[in-house]
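K.L.:
model the following, please.
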Amino acid sequence: MTLTPEEVANVLKLTVRTVYEYLRSGKLPGRKVGGTSWRILESDLEDFIRTGGVRVPGCIAYTEAGSLCRKPATVLDPERGGMVCDEHAPKDSHT
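P.N.:
Predicted structure coming up:
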């Protein structure tokens with residue numbers, strides 16, 4: 001299900017202008033439809049709320065099945081050039 005910025009503003013008790021600022025900055029994930037209108041996935045809004053309004057990057061490592069892991073990333077992996085989850089973290093990063 002998708003939501004409009006107005007609906008998101010109502011849920012978050014923010015102004016519509018603030019929601020648009022979050023969308024433009026990438027703080028709140030959303031997609032433009034029709035070139036001008038924004039839509040926000042309900043799951044993205046839930047993640048946004050769950051993380052306190054801070055987007056947690058997804059793990060950039062690949063699973064054994066060949067798809068992106070996408071678990072919440074917690075560790076920078078310089079070899080992969082991005083953030084990875086604990087499961088895919090370099091072994092020396094937890095010492």
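K.L.:
list the contacts of the worst-scoring helix or strand of the chain on mean pLDDT.
P.N.:
Among the helices and strands of the chain, strand 75-77 carries the lowest confidence by mean pLDDT, DSSP states H and E, at a mean of 80. Residues outside strand 75-77 that contact it (C-beta atoms under 8 Å, 6 or more residues apart in numbering): 60-61, 82-86, 88-90, 93. C-betas here are computed from N, CA, C, even on glycine.
K.L.:
after that strand, which helix or strand is next? Please name it.
P.N.:
Remark: after strand 75-77, the chain's next helix or strand is strand 82-84, criterion DSSP states H and E.
K.L.:
partner strands of that following strand, parallel or antiparallel?
P.N.:
With DSSP bridges as the test, strand 82-84 is paired with strand 75-77 (antiparallel).
K.L.:
list the buried residues in the partner strand.
P.N.:
Within strand 75-77, the residues that qualify as buried are D77, counting by 16 or more other C-beta atoms under 10 Å.
K.L.:
could you point out where the chain is predicted with low confidence?
P.N.:
Residue ranges of the chain with pLDDT under 70: 54-56, 93-95.
K.L.:
all the strands of it, in order from the start?
P.N.:
2-3, 31-33, 37-41, 75-77, 82-84 (DSSP state E).
K.L.:
one step back: quick check, nearest of the contacts of strand 75-77 to L23?
P.N.:
M83 (21.9 Å; C-beta to C-beta).
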